[in-house]
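**Student:** just to be clear, the model below is a prediction. Sequence and coordinates:
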Amino acid sequence: MSVSKTVTLPGGAKIPSVGCGTWTVWEAPPGAVCEAVKAAIAEGYRHIDCAWAYANEHEVGEGIEAKIKDGTVARGDLFVTTKLWDTAHRRGAVTEQLKKALVNLKLDYLDLYLIHWPTSLKEGDENFPQDENGKHIFAFHDLLDTWKGMEDAVDAGLAKNIGISNFNSQQVQRVIDGARIKPCNIQIEVNPFFSNVKLIDFCRERGLTVTAYAPFGNPNRPWKKSDDPLLFEQPILKEIAAAKGKTPAQVCLRFLLQRGLAIVPKSVTPSRIKENFQLFDFELSEAEMKQLFSLNRDFRVYEQDITIDHPEYPFKIPF
C-alpha cells in the first residue's frame, strides 16, 4: 500500500502529508519550539502546524524565518497552518486575530486557516477567560457568522485555504450548507485507539480532506489517568514494529498515512522529529492494517472539558 507524500485539497493545493506539530505548551522551555521548527525544516518537513492557543506562534515564526534566511527553503516551499481561537469567533475578530498571527509567524499569508473549535469563549486578551469562581466564560456566536469571517480572510488574501477542526458531523454539514467558500480540510483526533472512521468517511464524502492530530494518543498528557490504556504497550503494535524494524510510533504514523490522512506529530526532540519523518521506506500489509484497526477503543484524549456545557460542544453526538 503505497502512500502519497501530499494530500490534495479540493482547490488543487497540496498539503505535505507529514507535518510538524507544535503544541508543546506544558513541556517545552523557551526557544525549544523555534529549534524544533528549524530541525524539522532541515530534516525535510514542509508542513508546519500551529495555533494561536499554543502561545508559541512567535517561536514558529522565528524558526521559519531562520530557515528561509539561510536558504534551506523559500516561503513558497512551505505549507503553514494556524488556527483561530475560541475568543475570536465574532466575524470581524477572525481577521483581526489572523493579522496578529501573521505578525507572530513573520508571514504575509497562511496556506491554511482553521477554526480550532466550534465553541466560543469571551472575546479579550485571555485565551481562557474565567469568572470569579474559576468558570470559563462562554460567548455565543453563530458558526456561520464565524465562517463568514474565515471567508473574509480568503477575500483579503490573508489565507489561501480555510477549514475546521474538532467539529462533529452536524456542525460540518451546517458550515457546508451555509458556506460561500466550502471548508477544504478538517483536523481531528485520530490514532489506533481512536480510529474516527465515521467522521472521516462523512467528511470525505463531502469533499473535505482530513488531517490527524494526536497520532500517538498524546501519551505524555498531564491529565492522563492511571488506568488509561497505553498505545505503545499494545502487543500487536510492538510485534508489527519489530517485524518492520521500525518503532511503534512510526507504525502508528504509517497506519494513518495509508488511510490517506495528513498527519502532524509533535516533538521538540531532534531524534524524534527525524524518526517521525522516516515513514516512506516501509509498508503495512492489509492484514497488518486490520490488526491496527482492531485496537480501536473509541478512546478520545482531547475532550475539551472546559466547554462541555457550551451549546456547540462537539462531542455530545457519536461523530
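**Tutor:** Alright, I've got the coordinates. Numbering: from 1, shown residues only.
**Student:** show me which helix runs longest in the chain.
**Tutor:** Secondary structure of the chain per DSSP state H: the longest helix is helix 91-105.
**Student:** starting at the chain centroid, how far to that one?
**Tutor:** Remark: helix 91-105 is offset 18 Å from the chain centroid, using C-alpha atoms, centre = their mean, to the nearest Å.
**Student:** repeat for stretch 230-238
**Tutor:** 23 Å.
**Student:** only alpha carbons, please: show it as CSV.
**Tutor:** C-alpha atoms of stretch 230-238 as CSV (Å, rounded to 0.1, in the frame of the first residue of the first chain):
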residue,chain,number,x,y,z
LEU,A,230,-1.1,2.8,26.8
LEU,A,231,-0.9,2.6,23.0
PHE,A,232,2.8,1.9,22.7
GLU,A,233,2.5,-1.1,25.0
GLN,A,234,0.0,-2.9,22.8
PRO,A,235,1.4,-6.3,21.7
ILE,A,236,0.0,-6.0,18.2
LEU,A,237,1.7,-2.7,17.7
LYS,A,238,5.0,-3.9,19.2
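**Student:** for stretch 155-163, list every residue counted as buried.
**Tutor:** Buried residues in stretch 155-163, counted by 16 or more other C-beta atoms under 10 Å: 158, 159, 160, 161, 162, 163. For glycine as for every other residue, the C-beta is placed from the backbone atoms N, C-alpha and C.
**Student:** likewise stretch 11-30?
**Tutor:** Using 16+ other C-beta under 10 Å as the test for burial, stretch 11-30 gives 13, 15, 16, 17, 18, 19, 20, 21, 22, 23, 24, 28.
**Student:** out of those, flag the one nearest to residue 277.
**Tutor:** residue 18 (5.8 Å; C-beta to C-beta).
**Student:** quick one: the closest one and residue 97, what's the gap?
**Tutor:** 27 Å (C-beta to C-beta, to the nearest Å).
**Student:** now for residue 298, how many residues are close by?
**Tutor:** 11 (other C-beta atoms under 10 Å).
**Student:** so it makes contact with residue 192?
**Tutor:** No - Residue 298 is beyond contact range of residue 192, at 11.6 Å (criterion: C-beta atoms under 8 Å).
**Student:** pull up the overlap in contacts between those two.
**Tutor:** Counting by C-beta atoms under 8 Å, 6 or more residues apart in numbering, no residue touches both residue 298 and residue 192.
**Student:** and the helices in the stretch 1-150 of the chain?
**Tutor:** All helices of the stretch 1-150 of the chain, identified by DSSP state H, counting those that start in this stretch, fall at 32-43, 57-69, 91-105, 143-155.
**Student:** TSV for those helices, including distance to residue 303 and mean pLDDT?
**Tutor:** Below are the helices of the stretch 1-150 of the chain laid out as TSV (distance: least, C-beta to C-beta, whole Å; pLDDT from 0 to 100):
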stretch	distance to residue 303	mean pLDDT
helix 32-43	25	97
helix 57-69	24	98
helix 91-105	24	98
helix 143-155	20	98
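**Student:** what about the ones you listed, which gets the closest to residue 234?
**Tutor:** helix 32-43 (27.2 Å).
**Student:** contacts for the closest one, please.
**Tutor:** Here helix 32-43 has contacts from 20, 22, 24, 28, 48, 56, 59-60, 62-64, 66-67, 72-73, 78, 267-268, 270, 273-274, 277, using C-beta under 8 Å, 6+ apart.
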